[in-house]
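**Student:** take a look and give me a structure for this.
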Amino acid sequence: MARTGRPKAELVVSDDERLELKRLTLRTRVNRDLAFRARLILACMEERSNVVVAARHRCSVHTVGKWRARFIKSRLEGLYDEPRVGGPRRISDHDVEAVIVKTLETMPKGHTHWSTRKMAKAAGLSHTTIGHIWRTFGLKPHVSETYKISPDPQLVEKIRDVVGLYMNPPANAVVFAIDEKSQIQALERAQPILPMDIGQPERRTHNYIRNGTLDLFAALNVATGEVIARCKPQHRGKDLVAFLAEIDNAVAPQLDVHVVLDNLSTHKSEVVRRWLLRHPRFRFHFTPTYSSWLNLVERFFGLLTEQALKRGSHTSIPQLRAAIVEYIEAHNENGKPFKWTKTADAILEKMRRFGLRTQQVHPR
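**Tutor:** Next up, the predicted model:
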């Protein structure tokens, strides 16, 4: 008597299910496994033998039988992966809490911060477990950042003034963010820079030769992103006046000029005050003390350093000046204005929350 094998449940597919299965077969790039299972079910509709379907799709008979049975039992939902519970937990909530508390409230003896291995030894866990706990709760004992809360008594008024210029500039006026990038060094690498190659990044020596410094005056047009810049040997009051005169000549005479700048003593020198009296269309708006991050031109200085100076090698001041001028010309040709998005209220609220947290950590 011929062997017929184990009897199989009848596979019945509705028209809607057939259309959905065909749609799933097209998801090869999104979910390859799901597309393969849908092809198996469509093949089982045409061929009763699991052996033939398995040979056609180059898989095992067990695989065909498994997904055929899953589809008959759970229909389309059966083709998706079932959630997996994973292995049992080996670390209790109490252990996790103890690591977090120890990380936040204690220090290892003789050290300023915890490492994963020091904490693992103190907590009786593996260093990989400590690392996982720290990543889960966003703890980074090895990272330290700086901060400075401005003590300016006019902090609120100055923030509202400067941010208001950025987000709602006055009519018939142009707004410039002005500052100096002082003591830019012409650094020449001690040995030639090796260019990037396939499988090899650019390489340069860590030591260098100093070939002098220069100061860069820059005025960023907040509306257009265009930068007016001049390189000077120093940043004295009369140098700032000469730079302001260049801005005066570049701006149409019928427009007022609002200038955002920091509290450097040069900006408040007697020669600058006398120049402002002779040019009443210029109005200075000072950022709060220790708050140069409010000056948009600082963002331009950051890009200049990162994209033109940091990886360069300059053998002389003229070569450094040429590199700076070339970058500024490229910026003015292709650059876009920086868009200030955070309101003064949002900035002040964030500072308030930070102050409250600081008081809780170090109460007076």
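**Student:** list the buried residues in the host helix or strand of Gln359.
**Tutor:** Using DSSP states H and E, Gln359 falls within helix 344-361. Going by neighbour count (16 or more other Cβ atoms under 10 Å), the buried part of helix 344-361 is Ala344, Ile347. From N, CA and C alone the C-beta is placed, and that goes for glycine too.
**Student:** can you map out the helices along the stretch 201-350 of the chain?
**Tutor:** 237-250, 270-278, 297-304, 317-334, 344-361 (DSSP state H, counting those that start in this stretch).
**Student:** highest mean neighbour count out of those helices?
**Tutor:** helix 297-304 (a mean of 18; mean count of other Cβ atoms under 10 Å).
**Student:** show me where this protein has strands.
**Tutor:** 173-189, 208-221, 227-232, 256-261, 282-286 (DSSP state E).
**Student:** mind giving me the packing neighbours of the second one?
**Tutor:** Contact partners of strand 208-221 among helices and strands, from 3 or more Cβ pairs under 8 Å, 6 or more residues apart in numbering; DSSP states H and E: strand 173-189, strand 227-232, helix 237-250, helix 297-304, helix 317-334.
**Student:** what's the closest residue to Lys238 other than its chain neighbours in contact with, if anything?
**Tutor:** Once flanking residues are discounted, Lys238 sits nearest to Val271: 5.6 Å by Cβ to Cβ, 6 or more residues apart in numbering. Shown in contact with Val271 (Cβ atoms under 8 Å, 6 or more residues apart in numbering): Gly237, Lys238, Val241.
**Student:** related to what we said a few turns ago, let me have the helices and strands packed on strand 208-221 in CSV, adding distance to Phe354 as columns.
**Tutor:** Shown next, in CSV, are the helices and strands packed on strand 208-221 (distance: least, Cβ to Cβ, whole Å):
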stretch, distance to Phe354
strand 173-189, 24
strand 227-232, 32
helix 237-250, 33
helix 297-304, 20
helix 317-334, 33
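**Student:** so which of those comes closest to Arg48?
**Tutor:** Across these, Arg48 has its closest neighbour in helix 317-334 (66.0 Å, Cβ to Cβ).
**Student:** which residues are contacting the closest one?
**Tutor:** For helix 317-334, contacts defined as Cβ under 8 Å, 6+ apart pick out 184, 186, 211-214, 216, 218, 225-227, 229, 231, 300, 303-304, 307-309, 312, 314.
**Student:** could I get it in CSV with only the CA atoms?
**Tutor:** Extracted in CSV, the C-alpha atoms of helix 317-334 (Å, rounded to 0.1, in the frame of the first residue of the first chain):
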residue,chain,number,x,y,z
ILE,A,317,50.4,85.6,7.8
PRO,A,318,49.7,86.4,4.2
GLN,A,319,48.9,82.8,3.4
LEU,A,320,46.6,82.6,6.5
ARG,A,321,44.9,85.8,5.4
ALA,A,322,44.4,84.5,1.8
ALA,A,323,42.8,81.3,3.2
ILE,A,324,40.4,83.3,5.4
VAL,A,325,39.4,85.6,2.5
GLU,A,326,38.9,82.7,0.2
TYR,A,327,36.6,81.0,2.7
ILE,A,328,34.6,84.2,3.2
GLU,A,329,34.2,84.7,-0.6
ALA,A,330,32.9,81.1,-0.9
HIS,A,331,30.5,81.7,2.0
ASN,A,332,29.1,84.8,0.4
GLU,A,333,28.6,83.1,-2.9
ASN,A,334,26.8,80.0,-1.6
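**Student:** what's across from the nearest residue to Phe300 once chain neighbours are set aside in the sheet?
**Tutor:** Once flanking residues are discounted, Phe300 sits nearest to Leu220: 5.4 Å by Cβ to Cβ, 6+ apart. Per DSSP bridges, the residues bridged to Leu220 are Ala177, Val227.
**Student:** any idea how many residues pack against Leu220?
**Tutor:** Neighbourhood size, Leu220 [other Cβ atoms under 10 Å]: 28.
**Student:** now do it against Asn295, distance only.
**Tutor:** If you measure Leu220 against Asn295 using Cβ to Cβ, to the nearest Å, the figure is 9 Å.
**Student:** same thing with Asp239?
**Tutor:** 18 Å.
**Student:** so where's this protein shaky on pLDDT?
**Tutor:** Within the chain, the segments meeting pLDDT under 70 span 1-8, 30, 83-85, 360-364.
**Student:** domain-wise, how is it divided?
**Tutor:** Split into domains by automatic domain parsing, the chain comes to 15-79, 93-136, 155-193+204-348.
**Student:** now the ones you listed as JSON lines including distance to Ile149?
**Tutor:** Formatted as JSON lines, these follow (distance: least, Cβ to Cβ, whole Å):
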{"stretch": "domain 15-79", "distance to Ile149": "49"}
{"stretch": "domain 93-136", "distance to Ile149": "22"}
{"stretch": "domain 155-193+204-348", "distance to Ile149": "8"}
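**Student:** of those, which is nearest Val143?
**Tutor:** Proximity to Val143 (Cβ to Cβ) singles out domain 93-136 among the domains of the chain, at 9.0 Å.
**Student:** quick one: end-to-end length of stretch 74-87, please.
**Tutor:** Length of stretch 74-87, first residue to last, Cα to Cα, to the nearest Å: 26 Å.
**Student:** mind listing the shared neighbours of Leu220 and Asn295?
**Tutor:** Common contacts of Leu220 and Asn295 (Cβ under 8 Å, 6+ apart): Ala177.
**Student:** dump the residue contacts of the closest residue to Phe286 other than its chain neighbours.
**Tutor:** Spatially, and ignoring its direct neighbours in sequence, Phe286 is nearest to Asn263 (5.6 Å; Cβ to Cβ, 6+ apart). Each residue near Asn263 by Cβ under 8 Å, 6+ apart is listed here: Phe286, Thr287, Thr289.
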